[in-house]
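A.B. asks: model this:
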Amino acid sequence: QVQLQESGPGLVKPSQTLSLTCTVSGGSITTNYYYWSWIRQPPGKGLEWMGAIAYHGYTYYSPSLKTRTSISRDTSKNQFTLQLSSVTPEDTAVYYCARSRRVHTTEYEYRGQGTQVTVSS
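C.D. replies: The predicted structure is shown next:
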């Protein structure tokens, strides 16, 4: 059973960089042919796919967030991370990490429980 757990600060100030880590257990992030995604849900809105890192290390980003988003991984720790720069209150959301079979989709096979991030001064 694959398990994912998000971690990171729950409060970020406007203009700063949001940084979250997803720790994966029960499966390797280098296993063919999975994609490790970040998905968020702002209050009162639907799920939004932000980006992903593939089993081979290539990254994919949502066009609307591409200029502010960076996803990386540490294979020795079986973790992948999200950095979102220049945050505004509109980036307030529950952030999820997930394992998927495809990119550019909010569909997933496994997902973490989510972590609330609030952008506020």
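
A.B. asks: correct me, but Pro9 touches Thr118?
C.D. replies: No - look at Pro9 against Thr118 with Cβ atoms under 8 Å: they stay out of range, at 9.5 Å. C-betas here are computed from N, CA, C, even on glycine.

A.B. asks: Overlap of the contact sets of these two?
C.D. replies: Residues touching both Pro9 and Thr118 (Cβ atoms under 8 Å, 6 or more residues apart in numbering): none.

A.B. asks: what's the most centrally placed residue in the chain sitting at in phi/psi?
C.D. replies: By Cα atoms, centre = their mean, the chain has its centre lying nearest to Trp38, at 2.4 Å. Here is the backbone geometry of Trp38 (degrees, to the nearest 10): phi -120, psi 130.

A.B. asks: any idea how far it is from Ser121?
C.D. replies: Distance from Trp38 to Ser121, counting by Cβ to Cβ, to the nearest Å: 24 Å.

A.B. asks: swap in Thr23?
C.D. replies: Noted for Thr23: a distance of 29 Å to Ser121, by Cβ to Cβ.

A.B. asks: Give me the more crowded residue out of those two.
C.D. replies: Using other Cβ atoms under 10 Å as the criterion, Thr23 and Ser121 rank with Thr23 on top: 16 against 9.

A.B. asks: Check which helices and strands the particular helix or strand that has Tyr96 in it sits against.
C.D. replies: In this structure, Tyr96 sits in strand 93-100 according to DSSP states H and E. In terms of contacts (3 or more Cβ pairs under 8 Å, 6 or more residues apart in numbering; DSSP states H and E), strand 93-100 is packed against strand 3-7, strand 18-25, strand 35-41, strand 79-84, strand 110-111, strand 115-119.

A.B. asks: Just to be sure, Asp51 is in a helix?
C.D. replies: If you look again at residue 51, you'll see it is Gly, not Asp. No - using DSSP: H, G, I helix; E, B strand; the rest coil, the secondary structure at Gly51 is strand, not a helix.

A.B. asks: Phi, psi for the closest residue to it other than its chain neighbours please.
C.D. replies: Leaving aside its sequence neighbours, Gly51 sits nearest to Tyr61 (Cβ to Cβ, 6 or more residues apart in numbering; 4.1 Å). Phi and psi for Tyr61, reported as degrees, to the nearest 10, are phi -130, psi 150.
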